[in-house]
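Novice: Need coordinates for the below:
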Amino acid sequence: MRTFRTEVENPVVEQDIIALEAKIREFQGGNLDEEKFRSLRLARGIYGQRQPGVQMIRIKLPYGKVSSQQLRRICDVSEEYSTGRLHITTRQDIQIHYVDINRTPELWAQLEQDDITIREACGNTVRNVTASETAGIDVKEPFDVSPYAHALFQYFLRNPISQEMGRKFKVSFSASDEDTGLSYMHDLGFIAKIENGVRGFKVLLGGGLGSQPRHADVIYPFLPTDKIIPLMEGVVRVFDRYGERKSRAKARMKFLIKDIGLDGFKQLLEEEQLAIPVKTYEIDAEAYPKVKIAENNAPEVTIKDQKAFEKWKSTNLVPQKQQGYVAIGVKVLLGDFYIEKARQLADLVEKYAASEIRLSLRQNILIPYVKESLVPFFYQELEKLGFAEVGYNTALDITACPGTDTCNLGIASSTGIADELERVIKAEYPHYIDNPDVVIKISGCMNACGQHNMANIGFQGMSVRTKDKLVAPALQVLLGGGNLGDGNGRFADKVIKIPSKRGPESLRLILNDYDANGKGKPFVDYYEEKGQMYFYDFLKPLSDVDNLTASDFIDWGTSEKYEQAIGIGECAGVVIDLIATLLFDSEEKIETAKLNLEEEKWAASIYHSYSSMVNTAKALLTAENTKVNTHISIIKDFDELFVASGKFKLEQGFEKMVLQLNQNAPTEAFAKAYLKDAEEFLASVEAYRKLELTNA
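Specialist: Below you'll find the model as predicted:
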């Protein structure tokens, strides 16, 4: 690998990039365990693709806000290191594909020139902080949530408490009670509120999708804004210590809440309060950058097809609370677009709007601060780019994950069937083109990256086996999900599994029945009234696999016969390290704790010392083939198996020593004493392990 100059001004970021390059060299030289390297690269936004030898890079864009300059930078990077295709995710990130791992450090350095990061875009970290794409312009919002989402993003980026959790952690901010940030399906969800003139949030905890969706609990009906970061620090600390680490299927926050209950979680949260370095965290919303709107005059335009223009306006214009302005919704088919269009879009909004775009949770683009007088001009310019398709945030606007196109976990095509369903709606159900009340979403597997189980009509990629043991691509049809507002939602019911090629026919049957029997009700209410078995009965004929034809064994978007090929998913980044690797990792954590002490970062130093001690104990427990599912079980089991049995001498006991963490305020004196404990414990374990191997 060639060396390079990062040209990054921030020394912390520069060291991070240089360290990534060094780790890549270690791994390729056979000096770094593959699983350890996977964990490291995932936390830096580098994700393995279905195709061997190349990586997907996830670019982390907090609350979906992207400036024109940043969009151009992303285009430059995609052109040089990738294929020129940009993919908007359902978490307001941008992904680029087919990247050589050796070039990722310089790619990252290029992005950082315009304050763009890939840090913690994947892996067991706090993922991208999402928010309503209308934040700051929403006519119903009590205040702009953007400054608060940004402050939370900055606080947890590289924060030691959230670097190696059992699973990922997702946070959202909703601008209003419409809950367009979907708080009810997040680990932590914040909905903007004002009480007695004070800004704050309704806070929800423990939601999630996946194979077992869970509705979040309300932990605070109202929490002032200066308390949200201390709250999240406590929540993350509890999740880090008590969350599952071995079984990927049970490693999310929702399972921890399910196991110990909300009251049990609150008790653990209370026990962490002394250790949290900040009790209040004031966020200066007034210091957040002010919007600067271009004053350039656009040329006069003449709309040739007035009817098409009016139709577009009816579905793609979003009202703004700022008088004289509207936002324009750009429907991006499956979230995919190319850099030549992106560059022109960046120039357009820089010259005639506010030099920014917003990425939406439905994989679209929103252009805020467009003068009402410039709407015809924008329509004409967007039409030239192929960005003037009607149906923004309507039934025609189908959400889908990449599925078998690039994802290791994909079972069936998401993008292929989504494309076909949109064609069916356009051709056969034009009255749904401007219907915002029917939401259709598709995922290629049970992990729900396409959010299928919160849709009115959802499809999940599966496979089906015939009596002759032939395997065909299939879809699980889910119905009745929806966002009900103010932190309330309904998850869709699994109705029936059908061969994938019958997906369009299932949509026809559902929409035909809704047209005939919906009686103007929202789809959620219509489904609730009819019930699951009603839909099962009229969809059941589509599930018959005794009459499959040759085409049923070919998935959407391909001409090749279907083969079920599921790789190893990297979303969770859950790994079980070798003992030597664990002990080496403990040494690195201690060195980091020492560095934090020199920088007078007491809380950070303490947490790295804590991580080192737990990691060190995990090494000996792993050698004994003991389960190491959670931090708290590691702590208790080490006492039982090593200290109480007399195998290992610790006068005060391991649990008492380690859990000084939440029984002391993060002072300089405690940080130094705790680091000394961690060093001495590691030295004792290494001596014990050496003696054990000598006598083996």
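Novice: Poorly predicted segments of the stretch 451-600 of the chain, please.
Specialist: Counting by pLDDT under 70, the stretch 451-600 of the chain shows low-confidence ranges at 562-578.
Novice: ok, which stretches of it are helices?
Specialist: 503-517, 523-530, 532-539, 579-598 (DSSP state H, counting those that start in this stretch).
Novice: Tell me which of the ones you listed lies nearest to Cys122.
Specialist: helix 579-598 (19.1 Å; C-beta to C-beta). For the C-beta atoms, the positions are set from N, CA and C on the backbone; glycine is no exception.
Novice: Any idea how many residues pack against Ile339?
Specialist: 22 (other C-beta atoms under 10 Å).
Novice: likewise Ala603?
Specialist: By other C-beta under 10 Å, 20 other residues sit near Ala603.
Novice: what's the angle from the longest helix along the chain to helix 579-598?
Specialist: Counting residues, the longest helix found in the chain (DSSP state H) is helix 668-694. Helix 668-694 runs at 160 degrees relative to helix 579-598, counting by axes from the mean of the first three to the mean of the last three C-alpha atoms, to 10 degrees.
Novice: just checking, what packs against helix 668-694?
Specialist: helix 579-598, helix 602-623 (3 or more C-beta pairs under 8 Å, 6 or more residues apart in numbering; DSSP states H and E).
Novice: Please work out the angle formed by the directions of that helix and helix 602-623.
Specialist: 20 degrees.
Novice: how about JSON lines for the helices of the stretch 451-600 of the chain, with distance to Gly207 and mean neighbour count added?
Specialist: Output for those, formatted as JSON lines (distance: least, C-beta to C-beta, whole Å; neighbours: other C-beta atoms under 10 Å):
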{"stretch": "helix 503-517", "distance to Gly207": "26", "mean neighbour count": "17"}
{"stretch": "helix 523-530", "distance to Gly207": "18", "mean neighbour count": "18"}
{"stretch": "helix 532-539", "distance to Gly207": "22", "mean neighbour count": "15"}
{"stretch": "helix 579-598", "distance to Gly207": "31", "mean neighbour count": "18"}
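Novice: Mind checking the ones you listed for the one nearest to Tyr81?
Specialist: In terms of C-beta to C-beta, the element of these nearest to Tyr81 is helix 579-598, at 28.6 Å.
Novice: Break this protein into its domains for me.
Specialist: The chain breaks down into these structural domains: 11-112, 130-287, 306-384, 399-553, 579-694 (assignment by automatic domain parsing).
Novice: tell me how far the longest helix of the chain is from the chain's mean position?
Specialist: From the chain centre to the centre of helix 668-694 is a distance of 36 Å (C-alpha atoms, centre = their mean, to the nearest Å).
Novice: Which parts of it count as buried, going by neighbours?
Specialist: Neighbour-count burial for helix 668-694, counted by 16 or more other C-beta atoms under 10 Å, picks out Phe670, Ala671, Lys672, Tyr674, Leu675, Asp677, Ala678, Glu679, Phe681, Leu682, Val685, Arg689.
Novice: so Asn629 touches Glu244, yeah?
Specialist: Yes: with contact defined as C-beta atoms under 8 Å, Asn629 counts as touching Glu244 (5.4 Å).
Novice: rewinding a little: of all the helices of the stretch 451-600 of the chain, which lies closest to Tyr63?
Specialist: Minimum separation from Tyr63 across the helices of the stretch 451-600 of the chain (C-beta to C-beta) falls at helix 523-530, 26.8 Å.
Novice: Just the CA trace of the closest one, in PDB.
Specialist: Taking Å, rounded to 0.1, in the frame of the first residue of the first chain, the C-alpha atoms of helix 523-530 are listed here in PDB:
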ATOM      1  CA  PHE A 523     -55.100   1.800   4.800                       C
ATOM      2  CA  VAL A 524     -54.200   1.000   8.400                       C
ATOM      3  CA  ASP A 525     -57.900   1.400   9.500                       C
ATOM      4  CA  TYR A 526     -59.100  -0.600   6.500                       C
ATOM      5  CA  TYR A 527     -56.700  -3.400   7.300                       C
ATOM      6  CA  GLU A 528     -57.700  -3.300  11.000                       C
ATOM      7  CA  GLU A 529     -61.300  -3.600  10.200                       C
ATOM      8  CA  LYS A 530     -60.900  -6.600   7.800                       C
END
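Novice: The helices and strands packed on helix 668-694: which one's closest to Ser314?
Specialist: helix 602-623 (52.4 Å).
Novice: Helix or strand next in line after the closest one, which one?
Specialist: Next in sequence after helix 602-623, counting helices and strands by DSSP states H and E, comes helix 631-638.
Novice: What are the buried residues along that next one?
Specialist: For helix 631-638, by 16+ other C-beta under 10 Å, it's His631, Ile632, Ser633, Ile634, Ile635, Asp637, Phe638.
Novice: cool, stretch 383-400 as well?
Specialist: 383, 387-400.
Novice: Now intersect these with the strands, please.
Specialist: Of the buried residues of stretch 383-400, the ones assigned to strands by DSSP state E are Thr399, Ala400.
Novice: about what we covered before: quick one, which of the domains of the chain is nearest to Asn296?
Specialist: The nearest among those, by C-beta to C-beta, is domain 306-384 at 5.4 Å.
Novice: Could you tell me the end-to-end distance of that closest one?
Specialist: With C-alpha to C-alpha, to the nearest Å as the measure, domain 306-384 spans 16 Å from end to end.
Novice: that older thread, ok, Asn629 and Glu244, which is more surrounded?
Specialist: Using other C-beta under 10 Å, the more surrounded residue of Asn629 and Glu244 is Glu244, with 21 against 17.
Novice: so who does the closest residue to Gln660 other than its chain neighbours touch?
Specialist: Nearest residue to Gln660, sequence neighbours excluded (C-beta to C-beta, 6 or more residues apart in numbering): Tyr674, at 6.2 Å. Listed by C-beta atoms under 8 Å, 6 or more residues apart in numbering, the contact set of Tyr674 reads Ser605, Ile606, Ser609, Tyr610, Gln660, Leu661, Asn664.
Novice: Before we move on, what's the pLDDT of Tyr674?
Specialist: pLDDT for Tyr674: 97.
Novice: Compute the distance between it and Val658, please.
Specialist: Taking C-beta to C-beta, to the nearest Å as the measure, Tyr674 falls 9 Å from Val658.
Novice: which neighbours do the two share?
Specialist: By C-beta under 8 Å, 6+ apart, the residues touching both Tyr674 and Val658 are Tyr610.
Novice: can I assume Thr630 is in contact with Glu244?
Specialist: Yes: using C-beta under 8 Å, Thr630 is in contact with Glu244, at 6.0 Å.
Novice: Between the two, which contacts overlap?
Specialist: Both Thr630 and Glu244 are contacted by Gly166, under the criterion C-beta under 8 Å, 6+ apart.
Novice: got the end-to-end distance for stretch 318-331?
Specialist: Across stretch 318-331, first to last residue, C-alpha to C-alpha, it's 13 Å.
Novice: list the buried ones in it?
Specialist: For stretch 318-331, by 16+ other C-beta under 10 Å, it's Val318, Gln320, Tyr325, Val326, Ala327, Ile328, Gly329, Val330, Lys331.
Novice: what about the last one, distance to Asn364?
Specialist: Distance of Lys331 to Asn364, given as C-beta to C-beta: 6 Å.
Novice: Quick check: neighbours shared by those two?
Specialist: Counting by C-beta under 8 Å, 6+ apart, the shared contacts of Lys331 and Asn364 are Tyr392, Asp397.
Novice: show me where the stretch 301-450 of the chain has helices.
Specialist: 306-316, 339-352, 375-384, 415-428.
Novice: how about the nearest residue to Glu505, chain neighbours excluded?
Specialist: Leu542 (6.1 Å).
Novice: how close does that neighbour get to Gly416?
Specialist: Leu542 is 18 Å from Gly416, by C-beta to C-beta.
Novice: Settle it for me: which of the two has more neighbours?
Specialist: Gly416 (23 against 18).
Novice: so that one makes contact with Trp556?
Specialist: Yes: the pair Gly416 / Trp556 is scored as a contact, 2.8 Å apart, by C-beta under 8 Å.
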